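> Using only what follows, build the 3D model:
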Amino acid sequence: MERIRELLTAQPNANCQGARLDPEIARLIAELQADGIVVRDPQWGLIDFPALAPSGATYLLCWLDGEDAIEWWHWPDAGFAGRTPISEPPA
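Numbering: from 1, shown residues only. I've put the predicted structure just below:
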């Protein structure tokens, strides 16, 4: 994520939607996506990792660059605002 943010800072008109996206940024994001990682905001360093709750429902482990560990999760429709501490796991 650090390299992606460096490249985005150098090219402020780039975005993660593909418009004027540097080929190296696109390649790095594609590598993360190939591993099942959802890049939400490359400039912020926000990524999600899909996971399954005991009920079988999909939820997202959420990590923001700079955080020491993955300590948050949220339901797919809740987004960043719905982040819940991992100490309160989904049912």
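> quick one: Ala81 from Cys62, how far?
Per CB to CB, to the nearest Å, Ala81 is found 11 Å from Cys62. From N, CA and C alone the C-beta is placed, and that goes for glycine too.
> neighbour count winner among the two?
Under the neighbour definition other CB atoms under 10 Å, Ala81 and Cys62 were set side by side, and Cys62 has more, 24 against 6.
> Sort out which residues of stretch 82-91 are buried, please.
The neighbour-count check on stretch 82-91 (16 or more other CB atoms under 10 Å) flags Pro90 as buried.
> residues near the spatially closest residue to Ala91 that is not a sequence neighbour, how many?
Among residues not flanking Ala91 along the chain, Ser55 sits closest, at 6.0 Å (CB to CB, 6 or more residues apart in numbering). Counted with other CB under 10 Å, residues neighbouring Ser55 total 9.
> where does this structure have low pLDDT?
Applying pLDDT under 70 to the chain picks out residues 5, 7-21.
> element containing the residue lying farthest from the centre of the chain?
Residue farthest from the centre of the chain, counting by CA atoms, centre = their mean, is Ser55 at 23.3 Å. Per DSSP states H and E, Ser55 falls between elements, in no helix or strand.
> can you tell me the helix or strand for Cys50?
One thing to correct before we go on: residue 50 is Pro, not Cys. strand 46-52.
> mind listing what that strand pairs with, with the direction of each?
Looking at strand 46-52 with DSSP bridges, its partner strands are strand 38-41 (antiparallel), strand 58-64 (antiparallel).
> Now find how far off-centre the last one is within its chain.
To tie it back to what came earlier, the one meant is strand 58-64. Its chain's average C-alpha position is 8 Å from that of strand 58-64, according to CA atoms, centre = their mean, to the nearest Å.
> What lies in contact with that strand?
Under the criterion CB atoms under 8 Å, 6 or more residues apart in numbering, residues 38, 44-53, 70, 72-76, 80, 83, 86, 90 lie in contact with strand 58-64.
> Buried only: go through those residues for me.
Counted by 16+ other CB under 10 Å, these give 45-48, 72-74, 90 as buried.
> Not counting sequence-adjacent ones, nearest residue to Arg83?
Trp72 (4.2 Å).
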